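Chemist: Sequence below, structure please.
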Amino acid sequence: MPTSSRGVTVAWLDARDVLIVKSEGANAGLGEKGSSSSTGGVTPVWDETMRRLEVWWDEVGRREGVHWDDVESATPSDTAPIVIATGFVATSSEGVPTTLKRSGSDYSATIFAKLTQSSRVTMWKNTDGVYTADPRRVPEAFSIASLKYDEAMELAYFGAQVLHPSAMVPCIDSNIPVYVRNIFNPEFAGTVIQGRCASLTDVNKDGKVVNWRSKKGVIPIKGITSVDRVSLLTLEGASVIGGAEVAERFMGSMADAGIDVLMVTQASSESSITVVVPENQGKRALDALRNTFELELSRSNVNAISLTDIPMAIIAIVGEGMAMNSGVSASFMSSLAKANVNIRVIAQGSSERQVAVVVEAKDVSRALRSAHMAFTLSSTMVSVAVLGGTGKLGTALIRQLNKQKENLAKNLKIGVCVNAIASSTKMRLGENGACLATSNPDELLLGDAQDLDMDALTAALEADVNPHRVIIDCTNCDDVANYYEKWMSSGVNVISPGRVAGSGPLERYNAIRDAQRANSVDWQYESSVGSALPILTTLRDLMQTGDEVQLLRGCLSGTMAYIFSTMNEETSFSQAVRQAMEQDFTENDVRDDLTGSDVASKIVILARELGMDISVDDVEVESLIPEEVRNKQYSGTKDEINDTILEDLKVMDAPMLKRWKEAVDNNLLLRYKFVIDVINGKCRCNLEAVPNTDTLYRLRNNENLVAFETSRYTTSPLIVKGAAAGPELAAAGMFADLLRLGRAFSTFQT
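Modeler: The predicted structure follows:
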């Protein structure tokens, strides 16, 4: 009686002495896990196998102490005996030793489970059960607690790597639960596969269709999977022949050539058919179809027969909950559209347990992640690249993102992954799109950080498999703005607090807009006008609800508001400018504020939203500094340059004080005012002395104010007013833009 080193009774069973199989075809066998192209061919000869097993049990089993009689006579304290059977091997009906081919070991386990009427089968793998998606492609994937046999077979057929569909058949016949567990993590429960899905007849008895989103907490699908390396074979324009004959001859040619047809779609006219076949069988399938329709091709009764020449793949969602639940396919398709993934073929199984599409192979990972998020199988993850990440704006934004990270994940189910950060000279990219540790952005760009390369950065953005990609441009640089069109054409969303893109050359602006619309991406730039104030949002809401905007007026410069709220007889113009600079209210070059060019850029952005095709040169602008200061080339450190500019500005103290006194003597206040006259197509910004009846009279500190005069707001304008200067407020505006995108991404999963 053989025993193990722990005293457990053990017997050895050579499956070749017991398991008799018959093969259907020369290459019969299960095939690889995750391969749908070979799903059977080797089947047990059950009666003969059972007879042989009974003989083995009576002879060898009794001799080795593992017979049923030995088990029944054992006491509760005895350890149950173990029978170890060889997997993968068998004997053919002709008596020749054979194998069950690849994945045959799983098949051996389920065959012997049925033969011995086992209570369960446990398959020890190197993963924590069956996952919602391939974790190598979808990092957010997780183990599924339970599956029905039908769901597991659909997942396996469409590429799930853990199980082969045919390996489960013996357990289905005997209703034996299959447990998939991790040999390296035995404490984890893994996945249990048991029970059958309800038939369509039973599901349809209720007759009530409900949108899946209305069932809070109930997800209609169990997993998302893929089949790589497939090709599309299409026959077009065979209406002359007749639909029924075309389909019969088409599928007959595939069968005769031994082609594994994975999916079939047919045009409603029945004149065109497309099938999906394994890539390595594509050429053979094409030749077979051309031979079948050779005569029709020569007579032009068939327009064309073609085979795709680019790598393709199948993406499938699987779950029993799809039946009688509306909106599942819509959520799936919308998620792919948002990820900029083009669908070539669509098919739904008659069981209503799966919907499959064919996409280009290069888009598979992005499609899987997008679909996974769409059904709340994982939180919405947003990949973010921050340009100008070490400047005042970028640093403030990253600080706010880090502070709110847990809140975003908990309350909004949004994760923000900063996987690229750049300064004006250096950049750091997360390896394979991995998130960067952003607690200290400056340190990231030291050491082995690479030189800034916009083309390399763009390539990394395009390669990122996350469907939700955002680049935040804090640079206000023309060279960077030139990349917007390319980024959007690649499905990347853009947030730009700077104004060079929104107010730059009209031709570039229109090209960016066209790319945005053509690729269903967003360009958010609310913070470019009023920091965190909802100025652009308010304007768009008015216009989209049919209101006619006639005039915009107010103040768009927090710097100017502060200067003229602070300046008096004790505080000179140049001193007020210095204080604004010390509080980080000004642009990097304070002359952008004082010349009015910053306000002019904001005016152009607003005017273009109103449909006015204008440029900065079309705005009447009053500069508050002399031309020699405006055009002077300064050198030195930033502090040295600022000190020199402030020294040069002292020449304006006397004239500004004079204007201030004249205004005060007349009960007026100086304000730097802008006006967009939509009706007359005129735009201007200048320093005005305003009366106490003007909305700008009570403007304080670093506030902005925009008054909307519209066809609805006739007796009193709609006013948006608030603090709008400094990096923290600008960063809050960018953060709000990012959250708008995050919520838009999440609409596909709520």
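
Chemist: what about the helices in the stretch 301-450 of the chain?
Modeler: 328-338, 364-374, 392-407, 441-444 (DSSP state H, counting those that start in this stretch).

Chemist: what's the shortest one in contact with?
Modeler: Residues from elsewhere that reach helix 441-444, judged by Cβ atoms under 8 Å, 6 or more residues apart in numbering: 386, 389-390, 394-395, 398, 421, 428, 436-438. All C-beta spots, glycine's among them, are computed from the backbone N, C-alpha and C.

Chemist: Could you give the average pLDDT over that helix?
Modeler: Computed over helix 441-444, the mean pLDDT rounds to 88.

Chemist: cool, stretch 300-318 as well?
Modeler: 92.

Chemist: so where do the helices sit in the stretch 151-300 of the chain?
Modeler: Using DSSP H, counting those that start in this stretch, helices in the stretch 151-300 of the chain cover 169-174, 200-206, 243-256, 282-292, 294-298.

Chemist: closest one to Thr308 among the ones you listed?
Modeler: Ranking those by proximity to Thr308 (Cβ to Cβ) places helix 282-292 first, at 7.8 Å.

Chemist: so that closest one versus helix 243-256, what angle?
Modeler: When axes from the mean of the first three to the mean of the last three Cα atoms, to 10 degrees is applied, the directions of helix 282-292 and helix 243-256 differ by 130 degrees.

Chemist: Could you tell me how far helix 282-292 lies from the centre of the chain?
Modeler: Mean C-alpha position of helix 282-292 versus that of the full chain (Cα atoms, centre = their mean, to the nearest Å) differs by 37 Å.

Chemist: List of residues touching that helix?
Modeler: Residues from elsewhere that reach helix 282-292, judged by Cβ under 8 Å, 6+ apart: 231, 233, 235, 249-250, 252-254, 256-257, 259, 275, 277, 297, 305, 307-308.

Chemist: Buried subset of those, written for PyMOL?
Modeler: Command for PyMOL, covering only those of the contacts of helix 282-292 found buried under the criterion 16 or more other Cβ atoms under 10 Å:
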select buried, resi 231+233+235+249+250+253+254+257+259+275+277+297+305+307+308
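
Chemist: Give me the neighbour count for Phe573.
Modeler: 25 (other Cβ atoms under 10 Å).

Chemist: ok, so what distance separates it from Asn631?
Modeler: In this structure, Phe573 and Asn631 are 20 Å apart, going by Cβ to Cβ, to the nearest Å.

Chemist: quick revisit: of the contacts of helix 441-444, buried ones?
Modeler: Buried members of those, counted by 16+ other Cβ under 10 Å: 386, 389-390, 394-395, 398, 421, 428, 436, 438.

Chemist: and of these, the nearest to Thr116?
Modeler: Distances from Thr116 to these, taken by Cβ to Cβ, are shortest for Leu436, at 54.1 Å.

Chemist: So which of the helices of the stretch 301-450 of the chain is the most surrounded?
Modeler: Among the helices of the stretch 301-450 of the chain, helix 364-374 has the highest mean neighbour count (mean count of other Cβ atoms under 10 Å), at a mean of 26.

Chemist: Can you give the distance from that one to the centre of its chain?
Modeler: The chain centroid and the centroid of helix 364-374 are separated by 6 Å, computed with Cα atoms, centre = their mean.

Chemist: so who does the nearest residue to Ser365 once chain neighbours are set aside touch?
Modeler: Nearest non-adjacent residue to Ser365, counting by Cβ to Cβ, 6 or more residues apart in numbering: Val465, 3.6 Å away. Shown in contact with Val465 (Cβ under 8 Å, 6+ apart): 137, 365-366, 369, 433.

Chemist: Name all residues that make contact with Met153.
Modeler: Met153 touches 165, 168, counting by Cβ under 8 Å, 6+ apart.

Chemist: Pull up the per-residue confidence for it.
Modeler: Taking Met153 on its own, its pLDDT is 85.

Chemist: and if you look at the one 4 residues further on?
Modeler: In the prediction, the pLDDT value recorded for Tyr157 is 76.
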